[in-house]
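*Asks:* model this:
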Amino acid sequence: MARDTAEAEAGMKGITFPAWQGKHYVTPAELLVRLGSFGLDLTWRVECDEIVDPRCVEMKRRSADSGMDTLTLLSLTTPFLQLIDAEARGFAEDKLMLVLTEFDSSSWNVRAVDERVLGELRHHYPGAEDL
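*Replies:* You can find the predicted model right below:
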């Protein structure tokens, strides 16, 4: 994936955790809900390296424009959607606030400008480690 946000990401803190928590797969929709009010007002741009579901095409289309709001992204990731290699970048106006990266259906990396977001995710996913 081509990334145009490396400089912004460099200033963020991050965690990584297994996408599979026992027999439960942490879906993109679950992560969006866990973000709570922090993620609600973000505008999202999503890249999927592997198109595993028709919804990936719709996410890509909406990301090419001005992005999509959180509720639209949530509607495109529910019910159950498992991604192979994908990244969702959340912006407040033009500032990158959050990056959710899913690797090979096996792990999630989350980078955020707000440490409280990472703390909340650490609470829900005890296997989380700092990046």
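*Asks:* use CA for all of it now, contacts and neighbours both
*Replies:* OK.
*Asks:* name the element the residue nearest the centre of the chain belongs to?
*Replies:* When CA atoms, centre = their mean is applied to the chain, the residue found nearest the centroid is Leu100 (2.7 Å). Here Leu100 sits within strand 95-103, counting by DSSP states H and E.
*Asks:* that strand: partners in the sheet, and parallel or antiparallel?
*Replies:* strand 85-92 (antiparallel), strand 107-112 (antiparallel) (DSSP bridges).
*Asks:* chain center to the shortest one, what's the gap?
*Replies:* Taking CA atoms, centre = their mean, to the nearest Å, the mean C-alpha location of strand 107-112 is offset from the chain mean by 7 Å.
*Asks:* average pLDDT across it?
*Replies:* For strand 107-112, the per-residue pLDDT values average out at 96.
*Asks:* quick check: angle from the following helix or strand past that strand to strand 107-112?
*Replies:* Using DSSP H and E, the next helix or strand after strand 107-112 towards the C-terminus is helix 115-124. Orientation check (axes from the mean of the first three to the mean of the last three CA atoms, to 10 degrees): helix 115-124 against strand 107-112 gives 150 degrees.
*Asks:* buried set for helix 115-124?
*Replies:* Under the neighbour-count criterion of 16 or more other CA atoms under 10 Å, helix 115-124 has Val117, Leu118, Leu121, Arg122 buried.
*Asks:* before we move on, what about stretch 63-78?
*Replies:* For stretch 63-78, burial by neighbour count (16+ other CA under 10 Å) applies to Ser63, Gly67, Met68, Asp69, Thr70, Leu71, Leu73, Leu74, Leu76, Thr77.
*Asks:* next one: stretch 80-93
*Replies:* For stretch 80-93, a neighbour-count test (16+ other CA under 10 Å) marks Leu81, Gln82, Leu83, Ile84, Asp85, Ala86, Glu87, Ala88, Arg89, Gly90, Phe91 as buried.
*Asks:* how long is that stretch end to end?
*Replies:* 29 Å (CA to CA, to the nearest Å).
*Asks:* now swap in stretch 98-107 and tell me
*Replies:* Separation of the first and last residues of stretch 98-107 by CA to CA is 16 Å.
*Asks:* so how far is that stretch off the chain centroid?
*Replies:* The chain centre lies 7 Å from the centre of stretch 98-107; the measure is CA atoms, centre = their mean.
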